[in-house]
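Asks: Sequence and predicted structure are below.
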Amino acid sequence: MKVLVIGGGWSGVAAAIAAKKVGADVEIFEKTDLLLGLGNVGGIMRNNGRFTAAEEMIAMGAPELFNICDNLSRHKNISFPGHEHASLYDVNKIEGEVSRKLKELKIKTHMVTRITDIEINDKKILGIYDNEGTYYEGDTFVETTGSTGPMGNCLRYGNGCSMCILRCPSFGPRISISERAGVADIQGERNGDELGAFSGSCKLAKESLSYEIVKELDEKGVVILKLPKEDVNYDKLATKVCQQYALNEFAENLILLDTGHAKLMTTYYPLEKLRKIKGLENAKYVDPYAGGKGNSIRYLSVAPRTDDMKVEEVKNLFCAGEKAGLFVGHTEAICTGTLAGYNAVRQGLGMPSLILPRSIAVGDIIGYANEKVGSREGRKTRYTFAGSEYFKRMKEKNLYTVDIEEINKRINQLNLDNIFNIALI
């Protein structure tokens, strides 16, 4: 039983771990030289409803990636505008730890290997081809190629290639496996006729900031700097993917978080204006390198799927992460990836897929996002446990809690305890 995972971001890694733990042979194909993709410049975990979702996944037997993030957290239980009990993992150390975990689990990773085509017969994928023409056979497949890139999308819908962590000019464009299989992808929308959305944050080199700011970041994890009135731009909030951070406080202030770098919570900010602020006179962007002008464009390649994460109209293709919906965040990627990898094995064995119930947060967001993507208004919304529309829903449905005992009880009552740890093969 072989599961091939295309894309080595958070969701791809989660899918691979889930499939491996229940007994499949698993291989990951990643086009760049780093796993985790945007996870290398992310860093925020456990804020707001993400705490609930993480603990649900741990209770269901998928603790590995959450444990790594917790162990590498530079700060825990911090607050910043609109967000409580957040953890900030070290983006400079996370990829190495995750790579070692995959080796420990004996999951084969093909790095700098871009999948460019598939072989398909009667709506069933037989194998995949890489950019050098090598063919790989599999029983089931999980696509976690994300929704950022190729360069043309950032040129057409953004401010040009922002030279982000994905490095399309060096490692090649993103390819949609679902579209190669004949399935039309869904695209996220913005107001007007614009498609996609800007990535929601940048990274500044901590070394380029003043001693006072670095000290406060190291001690508290967060620094809030008031913007000059003439530089406040509320309209910019609507362009960003991370609508959980589209609060007025994020327009009126510069909010910095300590993730190893200084995470700047805005889509981009002109360097000349940035350096007018006390303590940022020498500020330097480290991701994206064009952070003074623009950021990457996302949500231009979402596969239509069912609630078990299977791509519609293809018999043995699953999807996760941004490829599976207008989801935002690492926690969301890990949750969807775990379910996709697990169900890829079940389907390959002829077993019915697991659909997580709507009475837990992870099951509800997967189903809710799927319902909403059918409408234009729904395609303008992004779905995250951390804020915006879905976090409000979590609270209204009493799904949000930080009581771990209560979360474990809910999972137990559904007979889902440790479900992702029980061998299928």
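Replies: Yep, it's here.
Asks: In terms of residue numbering, what are the domains of the protein?
Replies: Annotated domains of the chain cover 2-193+297-421, 197-287 [automatic domain parsing].
Asks: Redo those domains as TSV? Include mean pLDDT.
Replies: Supplementary listing: these in TSV, determined by pLDDT from 0 to 100:
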stretch	mean pLDDT
domain 2-193+297-421	96
domain 197-287	86
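Asks: So which of those domains is the most surrounded?
Replies: For the domains of the chain, the largest average neighbour count (mean count of other Cβ atoms under 10 Å) is found in domain 2-193+297-421, namely a mean of 21. Every residue, glycine included, has its C-beta placed from N, CA and C.
Asks: now that domain, how far from the centre of its chain.
Replies: Taking Cα atoms, centre = their mean, to the nearest Å, the mean C-alpha location of domain 2-193+297-421 is offset from the chain mean by 6 Å.
Asks: Quick one: end-to-end length of it, please.
Replies: Criterion Cα to Cα, to the nearest Å; first-to-last residue distance in domain 2-193+297-421 is 18 Å.
Asks: switch to numbering from 50
Replies: With the count now opening at 50, the last piece we talked about shows up as domain 51-242+346-470.
Asks: can you pull out the helices in the stretch 100-249 of the chain?
Replies: Taking DSSP state H, counting those that start in this stretch as the test, the helices found in the stretch 100-249 of the chain are 113-120, 143-153, 200-206, 217-220, 226-229.
Asks: What helices and strands are in contact with the last one?
Replies: In terms of contacts (3 or more Cβ pairs under 8 Å, 6 or more residues apart in numbering; DSSP states H and E), helix 226-229 is packed against strand 164-170, strand 189-192, strand 366-368.
Asks: what about 7 Å?
Replies: In terms of contacts (3 or more Cβ pairs under 7 Å, 6 or more residues apart in numbering; DSSP states H and E), helix 226-229 is packed against strand 164-170, strand 366-368.
Asks: go on, the third one?
Replies: Helix 200-206 is packed against strand 346-347, with contacts defined by 3+ Cβ pairs under 7 Å, 6+ apart.
Asks: can you give me the strands for the stretch 250-399 of the chain?
Replies: If you assign secondary structure with DSSP state E, counting those that start in this stretch, the strands in the stretch 250-399 of the chain sit at 251-253, 271-275, 302-307, 311-313, 334-336, 346-347, 366-368.
Asks: wait, which of these is closest to Asp171?
Replies: Distance to Asp171, taken as Cβ to Cβ, is lowest for strand 366-368 among the strands of the stretch 250-399 of the chain, at 13.2 Å.
Asks: Which strands and helices lie in contact with that closest one?
Replies: Counting contacts by 3+ Cβ pairs under 7 Å, 6+ apart, the secondary-structure elements packed against strand 366-368 are strand 189-192, helix 226-229, helix 379-397.
Asks: among the helices and strands packed on helix 226-229, which is nearest Glu113?
Replies: Nearest of the helices and strands packed on helix 226-229 to Glu113, taken as Cβ to Cβ: strand 366-368 at 19.2 Å.
Asks: And the contacts of the closest one?
Replies: Strand 366-368 has contacts (Cβ atoms under 7 Å, 6 or more residues apart in numbering) with 174, 189-193, 226-227, 230, 352, 354, 358-360, 389, 392-393.
Asks: Swap in 8 Å and give it another go.
Replies: Defining contact as Cβ atoms under 8 Å, 6 or more residues apart in numbering, one finds that strand 366-368 is touched by 64, 174, 189-193, 226-227, 230, 352, 354, 357-360, 389-390, 392-393, 396.
Asks: Equivalent analysis for stretch 205-213, please.
Replies: Stretch 205-213 has contacts (Cβ under 8 Å, 6+ apart) with 90, 197, 200, 203-204, 217-218, 243-245, 247-248, 317, 336-340, 342-346, 349.
Asks: got the CA coordinates for stretch 441-449 in PDB?
Replies: Only the C-alpha atoms of stretch 441-449 are listed here, as PDB (Å, rounded to 0.1, in the frame of the first residue of the first chain):
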ATOM      1  CA  LYS A 441     -17.200  33.600  15.800                       C
ATOM      2  CA  ARG A 442     -19.000  30.400  14.700                       C
ATOM      3  CA  MET A 443     -16.900  28.300  17.000                       C
ATOM      4  CA  LYS A 444     -17.900  30.400  20.000                       C
ATOM      5  CA  GLU A 445     -21.600  30.500  18.900                       C
ATOM      6  CA  LYS A 446     -21.600  26.700  18.600                       C
ATOM      7  CA  ASN A 447     -19.700  26.200  21.900                       C
ATOM      8  CA  LEU A 448     -16.900  24.500  20.100                       C
ATOM      9  CA  TYR A 449     -14.200  26.800  21.500                       C
END
